[in-house]
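**Q** model this:
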Amino acid sequence: MTIAQDDMRTESAVDTKTTMTMAAALNRALADAIESDPDVVVFGEDVGALGGVFRITDGLTARFGEERCFDTPLAESGIVGTAVGMAMNGLRPVVEMQFDAFALPAFEQVVSHVAKLGNRTRGGMRMPLVIRIPFGGGIGGVEHHCDSSEAYYAHTPGLTVVSPSTPQDAYSLLRAAIASPDPVIFLEPKKLYWAKGEVDTSITAELGTARIAREGTDVTLLAYGASVPLALEVAEVAAAEGRSVQVVDVRSLSPFDDATVTAAVKSTGRAVVIAEAPGYVSVASEIQARVFERCFEYLAAPVRRVTGFDTPYAPPKLEHWYLPDVDRVLDAIDTLHWEDDV
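**A** Alright, predicted model coming up:
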């Protein structure tokens, strides 16, 4: 859904653009949504006085009061269950799970109720609910703090699943998610919380769309979340080696923007999918399959994947071996049947 222009907070035409971190962009999106819509409420573990583990909700309780942004007990199933009841009664709850793996106790609520209520009532009752989940590695976190569980949510019919890779998308996509009449799983890459970029609060976003992050003619890199900056870094290195690399920020895992991705891969004839999550039965493997099905006759080589390994997440001192890096992606690109290498 595209956010209506008048639903955005714009004090003046000059005040809509500023440089900020992704964390600050998310905070601004929440504040603007609360201010513009009396039905929006934000809650979760330590999101009130503390402002959240990553300070995404910092200052919201002081500014809007405990009725609009408040703390909950340490009970993820109860948090989401409460949000379901609120959404059924006309509110727009935005809940925070502290870390990706901490959301798993609420998974039954997500699958059985959040994702199914609209279908169960034949559209008679919508579920305008956003579940914010910090996910992915790159912060030196221990077990249960760096998981990438996006495949569970993307595999669940009835959920929209998105992940921003820039402060601009963090703001625009979160505003779009909160405005949506249906449930959205909003995956926030922890590694990028402190990445800075320009944010224009007047720019709207549409859920379910990918974006071209960099133009290129030789090979297409398909990535989302924290893998997008990696793909852009790979493109810079590859350019120095004489190869033109296109980067597509998938950003919407469900629904998937086949049109943008297919057109991009057809234009280059080669593709590599990058993701932090384990590769087996993953979002990366689904993207790979969709590209094969739609672009087979245009491909000069098989579609490759560069992902995390099929193991539990590595301890902090080993995570640099676990996560995809520039060399692993460049090695995958080198396998794509280049005529000049023959």
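**Q** which residues of the stretch 151-300 of the chain fall in helices?
**A** 167-179, 227-240, 258-268, 283-295 (DSSP state H, counting those that start in this stretch).
**Q** and among those, the most buried is which?
**A** Most buried of the helices of the stretch 151-300 of the chain, by mean neighbour count (mean count of other Cβ atoms under 10 Å): helix 167-179, with a mean of 26. Any C-beta I mention is one placed from the backbone N, CA and C, and that applies to glycine too.
**Q** surely residue 41 forms part of a strand?
**A** Yes. Assessed with DSSP: H, G, I helix; E, B strand; the rest coil, residue 41 lies in a strand.
**Q** pretty sure it is touching residue 65, no?
**A** No. Using Cβ atoms under 8 Å, residue 41 makes no contact with residue 65, being 10.6 Å away.
**Q** neighbour count: these two, which is higher?
**A** residue 41 (19 against 11; other Cβ atoms under 10 Å).
**Q** how close does the more buried one sit to residue 297?
**A** Noted for residue 41: a distance of 50 Å to residue 297, by Cβ to Cβ, to the nearest Å.
**Q** contacting residues for the closest residue in space to residue 164 that isn't next to it in sequence?
**A** Once flanking residues are discounted, residue 164 sits nearest to residue 170: 4.2 Å by Cβ to Cβ, 6 or more residues apart in numbering. Residue 170 is in contact with 22, 25-26, 29, 164, 188, 199, counting by Cβ atoms under 8 Å, 6 or more residues apart in numbering.
**Q** with neighbour count and pLDDT as added columns, please give these in CSV.
**A** Listed next are the contacts of residue 170 as CSV, based on neighbours: other Cβ atoms under 10 Å; pLDDT from 0 to 100:
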residue, neighbour count, pLDDT
22, 28, 98
25, 29, 98
26, 26, 98
29, 24, 98
164, 26, 98
188, 27, 98
199, 24, 97
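**Q** low pLDDT regions in the protein?
**A** The model of the chain has pLDDT under 70 over residues 1-15, 340-342.
**Q** can you list the domains in it?
**A** Domain assignment for the chain, taken from automatic domain parsing, gives 19-200, 211-341.
**Q** end-to-end on the first one?
**A** Meaning domain 19-200. 9 Å (Cα to Cα, to the nearest Å).
**Q** now do stretch 192-208
**A** Stretch 192-208 stretches 21 Å from its first residue to its last (Cα to Cα).
**Q** determine how far it lies from the middle of the whole chain.
**A** Centroid separation between stretch 192-208 and its chain, computed with Cα atoms, centre = their mean, to the nearest Å, is 12 Å.
**Q** going along the chain, name the helices of the stretch 1-150 of the chain.
**A** 22-36, 60-64, 76-88, 107-109, 117-120, 150-154.
**Q** can you tell me which of those helices is nearest to residue 175?
**A** Checking these against residue 175 by Cβ to Cβ gives helix 22-36 as the closest, at 5.2 Å.
**Q** what about the nearest residue to residue 245 once chain neighbours are set aside, distance to residue 138?
**A** Once flanking residues are discounted, residue 245 sits nearest to residue 235: 3.8 Å by Cβ to Cβ, 6+ apart. Between residue 235 and residue 138 the computed distance is 19 Å (Cβ to Cβ).
**Q** do residue 169 as well
**A** Counting by Cβ to Cβ, the gap from residue 169 to residue 138 is 18 Å.
**Q** and residue 19, by the same measure?
**A** To residue 138, residue 19 is 22 Å away according to Cβ to Cβ.
**Q** also residue 272?
**A** Counting by Cβ to Cβ - residue 272 and residue 138 are separated by 20 Å.
**Q** neighbour count: those two, which is higher?
**A** Taking neighbours as other Cβ under 10 Å, residue 272 and residue 138 compare with residue 272 leading, 28 against 16.
**Q** ok, residue 138 - contacts?
**A** 146, 189-191, 226, 276, 319, 323.
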